[in-house]
Every structure is written in C-alpha cells, then in structure tokens.
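Peer 1: Whatever this is, show me its structure:
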Amino acid sequence: MEIFWTSSAINSLKSELRLLNEINPEIAKKIKIRIQEKAELLSENPFIGVRYGIRDIRKICVVEYPFSIFYNIKNQKIKILRIRHDARKPLELP
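Peer 2: Numbers count the residues shown, from 1 in each chain. All right, here's what the predicted structure looks like:
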C-alpha cells in the first residue's frame, strides 16, 4: 500500500526532532531513521497497529524509542496522521 504523510504528521515529526536535536543530534538522527523505517513497514503490514479510540485510527509504537505513529487506512492508502512522544498526554484526534 502507498503511504501518505499529512502535513500534521510532518510538522509533528519535525517539532519532536528539533527538540531532540538540541539535546543530542545523534539520537535525533537515529530516531528519525527508525520512525521512517517503522512507517515504511506499514506498507506491507498495514494492520500491524492497534486501533486507537473509536475512529478508524491505528497506532504503532516505535519500540526502541518512546514514540508512536498514528495513521488510518482509506482507499488502499495509509495516511500517517501524527508522530507523538509517548510521554505527552494522550492524543485527542478529531
């Protein structure tokens, strides 16, 4: 399946990485690579994530680092909605 990153997903990833880059650029780079790898895994295994809430939103954890990828599947496309650090309060999606 094709993967599409929403502007919210791109912005949330950039924001998280910007903060990490100030603390440790090497870790920020590793986390970015791992998040991208995990997102690409969805193209072959789109239902690997668990359902999140009552909508058709799914969540996959980036196990090595405390981040989650929120996405949905519509019309044979995977739409990445948001990247989120797991220490933040639970995500409220529209």
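Peer 1: Look at residue 60 and tell me its secondary structure.
Peer 2: The three-state assignment at residue 60 reads strand, by DSSP: H, G, I helix; E, B strand; the rest coil.
Peer 1: Leaving out chain neighbours, which residue sits closest to it?
Peer 2: Excluding the flanking residues, the one nearest residue 60 by Cβ to Cβ, 6 or more residues apart in numbering is residue 49, at 3.7 Å. (C-beta placed from N, C-alpha, C; glycine too.)
Peer 1: what's the pLDDT at that neighbour?
Peer 2: Looking at residue 49, its pLDDT stands at 94.
Peer 1: Now do the contacts for the residue lying closest to residue 80 once chain neighbours are set aside.
Peer 2: Nearest residue to residue 80, sequence neighbours excluded (Cβ to Cβ, 6+ apart): residue 9, at 4.3 Å. Residue 9 makes contact with 70, 80-83 under the criterion Cβ atoms under 8 Å, 6 or more residues apart in numbering.
Peer 1: Any of those buried? List them.
Peer 2: Neighbour-count burial (16 or more other Cβ atoms under 10 Å) is assigned, among the contacts of residue 9, to 70, 80-83.
Peer 1: Next, format the residues you listed as JSON lines and append pLDDT, secondary structure and distance to residue 14.
Peer 2: JSON lines is the format used below for these (pLDDT from 0 to 100; DSSP: H, G, I helix; E, B strand; the rest coil; distance: Cβ to Cβ, whole Å):
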{"residue": "70", "pLDDT": "95", "secondary structure": "strand", "distance to residue 14": "16"}
{"residue": "80", "pLDDT": "97", "secondary structure": "strand", "distance to residue 14": "13"}
{"residue": "81", "pLDDT": "95", "secondary structure": "strand", "distance to residue 14": "15"}
{"residue": "82", "pLDDT": "93", "secondary structure": "strand", "distance to residue 14": "12"}
{"residue": "83", "pLDDT": "94", "secondary structure": "strand", "distance to residue 14": "9"}
